[in-house]
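Chemist: I'll drop the sequence and a predicted model, then ask my questions.
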Amino acid sequence: MDYPAPTRLTSPLLTLPDLAGRRAVVTGGASGLGLVTTRTFALQGADVIIGARDVTKAEAARAHLLAEHDLSAGKITVAELDLIDPDSIERFAGMAAGAPMDLLVLNAGISSVPLRHDRNGIESQFATNHLGHFALAARLLPSLEQGTDPRVVTVSSALYAAAKLDLEDLASSSRYSPGRAYNRSKLANVMFALELGRRLAESGSSVRSFAAHPGMARTPLHTTYPSVATRVMTRIIAGAIGREPGPADVGVLTAALHPDASPELFWGPTGSKTHPDAVGDWFKPVATDLGAAVSLWEVSERLTGTRIAM
C-alpha cells in the first residue's frame with residue numbers, strides 16, 4: 001500500500017511554549033525518555049507529577065533535577081504508580097485529579113519480560129503497557145477536559161506494525177514469546193491513542209490524543225530481556241544506531257508541545273542521532289482497523305472495570 005509522504009518538522013523543539021501555570025503527568029517520568037519529558041516540562045514552567053513504581057529512585061531523580069536546574073520543590077512531585085495494580089492506579093489518580101490538567105504522557109512500560117500475569121490472569125506486558133494506561137486515562141480525562149490545549153500522548157513503538165492483536169489469548173497461555181507480547185502491547189497503545197482521539201473528536205472535546213515513539217533508544221527498557229543473547233544483541237544494536245534518551249524523545253515532546261503536530265500521525269525522531277528532526281508517519285492498516293479498535297476498547301473497559309466517559 002502506498003502512503004502519503006510523512007510530515008517532517010525541522011528542529012521542532014527550538015522554540016517551546018511557556019507552560020507556566022499548567023499541570024502535567026508523566027508515567028515512568030523518573031528515568032529514560034520519561035525523565036527527559038519531565039525535565040522539559042518543568043523547565044518550561046509546568047508542575048509535573050511523576051508516576052513511578054520505585055518511589056525511592058524517583059525521589060532521587062527528582063532531587064537531582066531540582067538541584068541541577070534550581071527548581072522550586074513543588075515543581076516536580078513523585079507518587080507511587082504500579083500500572084499492573086488497579087489499587088495503585090486508583091490512588092495515583094485520586095492524587096493527580098481534582099484540578100485542571102494539561103498534559104498526560106503515558107510513557108511507562110515493561111519490555112520482553114518472562115511470562116507473568118496480573119490478578120485477572122492477563123499477560124503482564126499487555127496489562128501494564130496498555131490496560132494500566134487505559135484505566136489511568138479514564139480517571140484523569142475529566143481533569144484534562146478542564147485544561148489548556150490538553151493533550152494525551154501515548155508512547156508506543158514502531159514495532160507495533162509487526163504485531164497481531166490476538167484478543168482471544170490475553171493470558172498468552174498457548175505460546176509465549178516475550179518479544180511478540182511486547183509488540184502486541186505497543187499495537188494496543190497505538191490503537192488506543194487513535195480510538196481515543198476518534199471518540200474525543202466525535203464528542204467535541206478539546207482534548208487531543210497523540211501517539212509517539214522514540215525509535216531505537218538507549219534506555220533501561222532493553223535491560224529486561226530474559227535472554228542473555230537478546231540483551232547483548234540489543235545493546236550492540238542500540239550502541240551502533242540508537243539515540244540517547246534526550247534526542248530520542250523528540251517525537252514525544254513534539255506530540256505534546258508543537259502547535260503543528262497532527263494527532264493523525266505517529267511521531268518519532270528522524271535524521272541526526274544527536275539533533276534529530278521529528279517525523280510524523282501515517283499509521284499502518286493494522287492500527288486503523290475500526291472494528292478491531294472497538295473490540296479492544298470494549299475488552300479494555302471490561303478488564304479494567306472503567307469507562308472513558310465523553
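Modeler: Yes, it's here.
Chemist: pull the contacting residues for residue 302.
Modeler: Residues near residue 302 by Cβ atoms under 8 Å, 6 or more residues apart in numbering: none. The way it works is simple: take the backbone N, C-alpha and C, and place the C-beta from them, glycine included.
Chemist: phi first, then psi, for it.
Modeler: For residue 302, the backbone dihedrals (degrees, to the nearest 10) come out as phi -70, psi -40.
Chemist: check it and give its pLDDT.
Modeler: pLDDT, residue 302: 97.
Chemist: equivalent analysis for residue 196, please.
Modeler: On pLDDT, residue 196 comes in at 98.
Chemist: how about it, nearest residue that isn't a chain neighbour?
Modeler: Once flanking residues are discounted, residue 196 sits nearest to residue 209: 4.2 Å by Cβ to Cβ, 6 or more residues apart in numbering.
Chemist: these two touch, right, residue 152 and residue 138?
Modeler: No. With contact defined as Cβ atoms under 8 Å, residue 152 does not count as touching residue 138 (11.2 Å).
Chemist: helices or strands next to the longest helix that the chain contains in the packing?
Modeler: Longest helix in the chain, counting residues (DSSP state H): helix 178-203. Under the contact criterion of 3 or more Cβ pairs under 8 Å, 6 or more residues apart in numbering; DSSP states H and E, helix 178-203 touches helix 124-126, helix 133-144, strand 151-155, strand 208-212, helix 285-288, helix 290-304.
Chemist: mind listing what's buried along that helix?
Modeler: The neighbour-count check on helix 178-203 (16 or more other Cβ atoms under 10 Å) flags 178-200 as buried.
Chemist: pLDDT weak spots in the stretch 201-310 of the chain?
Modeler: Across the stretch 201-310 of the chain, the ranges flagged by pLDDT under 70 are 217-241.
Chemist: those helices in it, which residues are they?
Modeler: Ranges of helices in the stretch 201-310 of the chain, per DSSP state H, counting those that start in this stretch, are 228-241, 245-248, 250-257, 285-288, 290-304.
Chemist: using PDB, write down the CA coordinates of the third one.
Modeler: By that I understand helix 250-257. Output of helix 250-257 as PDB, limited to C-alpha atoms (Å, rounded to 0.1, in the frame of the first residue of the first chain):
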ATOM      1  CA  VAL A 250      11.900  14.500  20.200                       C
ATOM      2  CA  GLY A 251       8.800  12.700  18.900                       C
ATOM      3  CA  VAL A 252       7.100  12.500  22.300                       C
ATOM      4  CA  LEU A 253       7.800  16.200  23.000                       C
ATOM      5  CA  THR A 254       6.700  17.200  19.500                       C
ATOM      6  CA  ALA A 255       3.400  15.400  20.000                       C
ATOM      7  CA  ALA A 256       3.000  17.000  23.500                       C
ATOM      8  CA  LEU A 257       4.000  20.600  22.700                       C
END
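Chemist: off-centre distance for it?
Modeler: Relative to the chain's own centre, helix 250-257 is displaced by 11 Å; criterion: Cα atoms, centre = their mean, to the nearest Å.
Chemist: quick one: work out the angle between it and strand 208-212.
Modeler: Calculated by axes from the mean of the first three to the mean of the last three Cα atoms, to 10 degrees, helix 250-257 forms an angle of 170 degrees with strand 208-212.
Chemist: what's in contact with helix 250-257?
Modeler: Counting by Cβ under 8 Å, 6+ apart, 9, 12-13, 16-17, 33, 36-37, 40-41, 44, 103, 105, 107, 151, 153, 155, 210-215, 261, 263, 267-269, 276-279 sit against helix 250-257.
Chemist: quick one: buried ones out of these?
Modeler: 9, 12-13, 16, 33, 36-37, 40-41, 44, 103, 105, 107, 151, 153, 155, 210-215, 261, 263, 267-269, 276-279.
Chemist: show me these that map onto strands.
Modeler: Counting by DSSP state E, the members of the buried ones among the contacts of helix 250-257 that fall within strands are 9, 103, 105, 151, 153, 155, 210-212, 267-269, 277-279.
Chemist: what's the closest of these to residue 65?
Modeler: residue 105 (15.8 Å; Cβ to Cβ).
Chemist: so residue 147 makes contact with residue 100?
Modeler: Yes. Contact between residue 147 and residue 100 holds when scored by Cβ under 8 Å: they sit 4.8 Å apart.
Chemist: those two - which one has more neighbours?
Modeler: Between residue 147 and residue 100, counted using other Cβ atoms under 10 Å, the more crowded position is residue 147 (19 against 15).
Chemist: how near is the closest residue in space to that one that isn't next to it in sequence to residue 144?
Modeler: Spatially, and ignoring its direct neighbours in sequence, residue 147 is nearest to residue 102 (3.9 Å; Cβ to Cβ, 6+ apart). Distance of residue 102 to residue 144, given as Cβ to Cβ, to the nearest Å: 7 Å.
Chemist: identify the contacts common to these two.
Modeler: Joint contacts of residue 102 and residue 144 (Cβ under 8 Å, 6+ apart) are residue 150.
Chemist: I appreciate the help and will end here.
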